[in-house]
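> How does the following fold in three dimensions:
(2 chains)
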Amino acid sequence: MKIATFNVNGITSRLPRLLEWLEEAKPDIACLQELKTSDETFPRLEIEAAGYSAIWHGQKGFNGVAVLARDGGGLAERRRGLPGDPDDTHSRYLEASAHGVIVAAIYLPNGNPQPGPKFAYKLAWFARLIEHAASLVASSEPVLLIGDYNVVATDGKGDIYNAASWKKDALLQPESREAYRRLLAQGWTDAIHALHEGKPIYTFWDYFRDRFSRDAGLRIDHLLLNAPARARLREAGVDRAVRGREKPSDHAPTWVVLD
DNA sequence: ATGTCGGCAAAATGCCGA
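This next block holds a predicted model:
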């Protein structure tokens, strides 16, 4: 069973790339981020025609997450939005069950510029995620928290091509990294890290300055697995070629294969 | 500071978010 996450950076303009990737990669479950479209304008018919059921939490102009399940898979929504702040209007969290597993599509706030209110929001949102994740990690069912975490875990080459040029970015700040470590410490496994530690496996390449052709990337899309999911983990990878196509997202699909 | 995108308000570009 293949489970993937893909920050599409606008599902409307990315629809050809998304449908093409679904057709060739055939993930059983795909979590999408940055839909950048309202609930009413989500391309439901096109997704269904590709063989997927979907639930989505849209927002006009930015954010937005979705869970897609191939051939239905008994897709059922469990939660939209994180608990802990009724005033939070951002569409960044969608939790569902399908194909016998629980998945959450996560779009963690970017947090730039830092310091500032956007960085404070990032850390507050992260704290709410950690609080909620504590209730999921001990599940006897496989659980996967997957998406764009907007965190580069370390300065190592496995995580970023050149940390120095991103030193002041919100993605590399000690507070962002500490929150990510606290989440992992609950008992989650970072799948790419577990199977490919130290290797430069990036998931995002900025549109600026020809970063993809230089492989000047960052690993910020993460798949976190609880123990029952970890026990079934066989492969993990990134569909890099998708980033090199016409009118691509700045992220590539990132995935795991479970038994 | 800069570079490039997607999407918005609004009708061409300028702004925001990334």
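> Tell me, how many residues neighbour the closest residue to DNA strand B within chain A?
Chain A approaches DNA strand B most closely through A:G10 (2.3 Å), counting by CB to the nearest atom of the strand. Where you see a C-beta, it was placed from the backbone N, CA and C, and this is true even at glycine. Here the count is done by other CB atoms under 10 Å, and A:G10 has 17 residues near it.
> go on, A:V8?
25.
> Report pLDDT for the closest residue in space to it that isn't next to it in sequence.
What sits nearest to A:V8 in space, not counting adjacent residues and going by CB to CB, 6 or more residues apart in numbering, is A:R14, at 4.3 Å. Looking at A:R14, its pLDDT reads 98.
> Same question for A:D210.
88.
> Kindly report the same for A:V143.
Here, the pLDDT recorded for A:V143 equals 98.
> in the sheet, who's paired with it?
Counting by DSSP bridges, A:V143 is bridged to A:I102.
> For A:A133, give me phi and psi.
phi -60, psi -30 (degrees, to the nearest 10).
> and it, what is it in contact with?
With contact set as CB atoms under 8 Å, 6 or more residues apart in numbering, A:A133 has these partners: A:145, A:183, A:186, A:188.
> Identify the residues contacting the first one.
Residues in contact with A:L145, defined by CB under 8 Å, 6+ apart, are A:103-104, A:106, A:129, A:133, A:136, A:188, A:223-224.
> Just give the nearest non-adjacent residue to it, would you?
Excluding the flanking residues, the one nearest A:L145 by CB to CB, 6+ apart is A:L224, at 4.3 Å.
> mind checking how far that neighbour is from A:N9?
A:L224 sits at a distance of 22 Å from A:N9 (criterion: CB to CB, to the nearest Å).
> For A:F204, list each beta-bridge partner.
Beta-bridge partners recorded for A:F204 (DSSP bridges): A:L218, A:H251.
> count of neighbours near it?
Applying other CB under 10 Å, we find 25 residues neighbouring A:F204.
> Pick out the residue nearest the middle of chain A.
Nearest to the mean C-alpha position of chain A, by CA atoms, centre = their mean, lies A:G147 at 1.1 Å.
> Just to check, it is in contact with A:L108?
Yes. Taking contacts as CB atoms under 8 Å, A:G147 lies within contact range of A:L108: 7.1 Å.
> Now do the helices in chain A.
Under the criterion DSSP state H, chain A carries helices at the ranges A:11-25, A:44-49, A:117-133, A:174-185, A:191-196, A:227-230.
> Mind putting the ones you listed into a markdown table with distance to A:D71?
Formatted as a markdown table, those follow (distance: least, CB to CB, whole Å):
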| stretch | distance to A:D71 |
| --- | --- |
| helix A:11-25 | 12 |
| helix A:44-49 | 11 |
| helix A:117-133 | 28 |
| helix A:174-185 | 31 |
| helix A:191-196 | 23 |
| helix A:227-230 | 21 |
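> got the buried residues for stretch A:139-150?
Neighbour-count burial for stretch A:139-150 flags A:142-150 (criterion: 16 or more other CB atoms under 10 Å).
> And for stretch A:15-23?
A:17-19, A:21-22.
> Show the contacting residues for the nearest residue to A:D85 once chain neighbours are set aside.
In this structure, A:D85 finds its nearest non-sequential neighbour in A:R128, 6.4 Å apart by CB to CB, 6+ apart. A:R128 is in contact with A:82-85, counting by CB under 8 Å, 6+ apart.
> and these, which are buried?
Among the contacts of A:R128, the ones that count as buried by 16+ other CB under 10 Å are A:L82.
> With distance to A:K118 and pLDDT added, can I get the contacts of A:R128 in a markdown table?
As requested, the contacts of A:R128 are exported to a markdown table (distance: CB to CB, whole Å; pLDDT from 0 to 100):
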| residue | distance to A:K118 | pLDDT |
| --- | --- | --- |
| A:L82 | 17 | 98 |
| A:P83 | 21 | 98 |
| A:G84 | 18 | 97 |
| A:D85 | 15 | 96 |
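> Cool, thanks, signing off.
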